[in-house]
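Visitor: Fold the following.
(one chain, ligands or ions: 1)
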Amino acid sequence: MKKSKNTENESMSKKPAFRAEPDLPIGLEDVPNHLKERVTRRNKKPMKREGRCVVYWMQRSQRAVGNPAFDIAAHVANALKKPMVVFFCLDPGFAEAAPRHFDFMLRGIEETAAQVKNQGAHFVMRLHPTNSPATFCEEVDACILVGDENPLRDPEAWRQDTAKKVKVAFYTVDSDVVVPSKMFPKEEYAARTLRPKITRLMDDFLVAGHEPTLKVSPEELHEIKGLPLSSEDLLQSLPLNTGPGPLPSIPSGYAAATKQLADFIENHLSTYPNNSNHPEKAHGTSRLSFYLHFGQIDPRTIALAVRRCKAPKEAKEAFLEELIVRRELAVNYVLRNPDYDRYEGFPEWAKKTLEEHAGDKRPYLYDAETLEKAQTHDPLWNAAQLEMIHTGRTHGYMRMYWAKKILEWSAHPEQAQKQAILLNDRYFLDGRDPNGYTNIAWAIGGKHDRPWPERAVFGKVRYMSFKSTSRKFRYRDYIKRVNALCCPGLEK
Ligand SMILES: Cc1cc2nc3c(=O)[nH]c(=O)nc-3n(C[C@H](O)[C@H](O)[C@H](O)COP(=O)(O)OP(=O)(O)OC[C@H]3O[C@@H](n4cnc5c(N)ncnc54)[C@H](O)[C@@H]3O)c2cc1C
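Guide: So this is what the prediction gives:
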């Protein structure tokens, strides 16, 4: 039977009841619900009360400040009267990341290790696969393992494997979203279906952390040694994939992220609604995506700072829509659709229309090398690709155009998606992120979008032309700006 509109509205306005795990770890009795509701039990193994310490396996949330997983582990350690160790398992083959990604991450980790120490825990980084969270727990005689969460396929499989192999209780904590992902158990259709649900829960979850002081000194754990933390030496010694080199001019870590946030709020937030559609302006957007991707800053910290500042309401709302609704819609897609990075993940209407137009004559067909080297006929597209190669980022507006043109110039949309993901993940500092897979599925496969008037190649998937795009902003200034960054001397 169909629900009446009223019943639907009523159920939309009802908040879900408190949904914490029935089987929470010890020490969370006085912890507020907004933290408890982030916790998921991953196995049925017992906690080892007589063990030596509590282990927090840090993977995605690479910070010790504003980190719900760190906080939960600390509460448990205090309740057990044990010291806490933060374990980071460095996998040089992780997600085909390039030296550029490892350099940024390791520079941030140096600061994170210092933060961990300041908070009263011990930090140990070891190499994968010789080490794993399960073997580490055995070595240090862990009472319990706490981890953070990551919705991508391989990191989630790592957690599932760890849940089987570790001999003690394992919990994870959803630490890099404002509203915990488990609140949205189904795949959302579009931003308009997720937005009201997020809005309803926002005040419950958009609150500052609950950071305990660790009560037991970690001194007796200092004999547990890890890799030296000098990022430069480490980078030299790791068996990394080949790929784009480091970007040392981009500062990494929590301090850099909070500085960037402060500068954005002070100088650029009020013009965000307009400037975020102007790639020619270097500071039109926050440039926080790499810090978010590496978990160096908590999205709640960003959202709370934006909420509290004096910028116009319209600017705050426009920014929070991207940071919370769009970003968490991407997490929802990746978490709930196993084909998030495959053609099969596109909505049925989009696959149908793309197939109907698969035989259309393409105005240009470019191979992978021509695209990668930014050698197409289109100066605007080439500038977006060059910006990506040389600076590790491309303005969000240009990313849309970039992906749409890959669809237009590829023999088949499936090939276009593969090509876009390959370049996105190889060059963007914020690549290999739910945002990347989801936005590529949006641009090429109509995900979270609706059908548009039909045309060649794209069918009913939204189209972007050079003519209309280049009219929306001063495109020659954008090309000039990119040339000045990437190929000094060519800016004219
Ligand atoms: C084809 C394509 C590929 C993309 N690939 C990535 C990627 O690999 N990694 C990535 O983090 N983002 C990706 N995006 C989303 C978006 O373009 C970037 O997050 C944004 O440009 C980062 O710059 P910023 O931090 O200055 O963004 P701001 O405009 O300042 O936004 C603030 C934050 O909101 C989030 N956000 C902004 N736009 C979106 C969006 N459309 N979807 C989801 N979240 C958003 C990001 O976390 C961002 O840091 C992609 C977009 C497209 C169209």
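Visitor: For the rest of this, base every contact and every neighbour count on C-alpha atoms.
Guide: OK.
Visitor: Listing request: residues of the stretch 351-492 of the chain with sub-threshold pLDDT.
Guide: For the stretch 351-492 of the chain, the stretches with pLDDT under 70 are 488-492.
Visitor: Give the full set of residues in contact with the spatially closest residue to residue 287 that is not a sequence neighbour.
Guide: With C-alpha to C-alpha, 6 or more residues apart in numbering as the criterion, residue 287 has its nearest non-adjacent residue at 7.6 Å, and that residue is residue 260. Residue 260 makes contacts with 286-288, as judged by C-alpha atoms under 8 Å, 6 or more residues apart in numbering.
Visitor: mind giving me JSON lines with those and columns for neighbour count, secondary structure and pLDDT?
Guide: Output for the contacts of residue 260, formatted as JSON lines (neighbours: other C-alpha atoms under 10 Å; DSSP: H, G, I helix; E, B strand; the rest coil; pLDDT from 0 to 100):
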{"residue": "286", "neighbour count": "17", "secondary structure": "coil", "pLDDT": "98"}
{"residue": "287", "neighbour count": "18", "secondary structure": "coil", "pLDDT": "97"}
{"residue": "288", "neighbour count": "20", "secondary structure": "coil", "pLDDT": "98"}
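Visitor: Mind listing what's buried along the helix or strand where residue 380 lies?
Guide: Assigned by DSSP states H and E, residue 380 belongs to helix 379-391. Using 16 or more other C-alpha atoms under 10 Å as the test for burial, helix 379-391 gives 380-391.
Visitor: cool, and stretch 76-87?
Guide: For stretch 76-87, using 16+ other C-alpha under 10 Å, the buried residues are 76-78, 80-87.
Visitor: who's in contact with it?
Guide: 25-28, 49, 52-58, 73-74, 116, 120-126, 133, 214-218, 221.
Visitor: list the contacts for the most centrally placed residue in the chain?
Guide: Centroid-nearest residue in the chain: residue 293, 3.8 Å away (criterion: C-alpha atoms, centre = their mean). Residues near residue 293 by C-alpha under 8 Å, 6+ apart: 430, 433.
Visitor: could you redo the last one with a cut-off of 6 Å?
Guide: By C-alpha atoms under 6 Å, 6 or more residues apart in numbering, the contact list for residue 293 reads residue 430.
Visitor: Tell me the confidence at it?
Guide: pLDDT recorded at residue 293 is 98.
Visitor: ok, now residue 29?
Guide: The score at residue 29 is 88. That number is its pLDDT.
Visitor: Please apply the same query to residue 159.
Guide: Predicted confidence (pLDDT) for residue 159: 98.
Visitor: Distance-wise, check it relative to residue 42.
Guide: 8 Å (C-alpha to C-alpha, to the nearest Å).
Visitor: near the ligand, which residues of this structure?
Guide: 285-289, 322-323, 326-327, 330, 395-396, 399-400, 403, 424, 430-433, 435-436, 439-440 (C-alpha under 6 Å from any ligand atom).
Visitor: mind listing which of these are in helices?
Guide: In helices, judged by DSSP state H, the following of these are found: 289, 327, 330, 396, 399-400, 403, 424, 435-436, 439-440.
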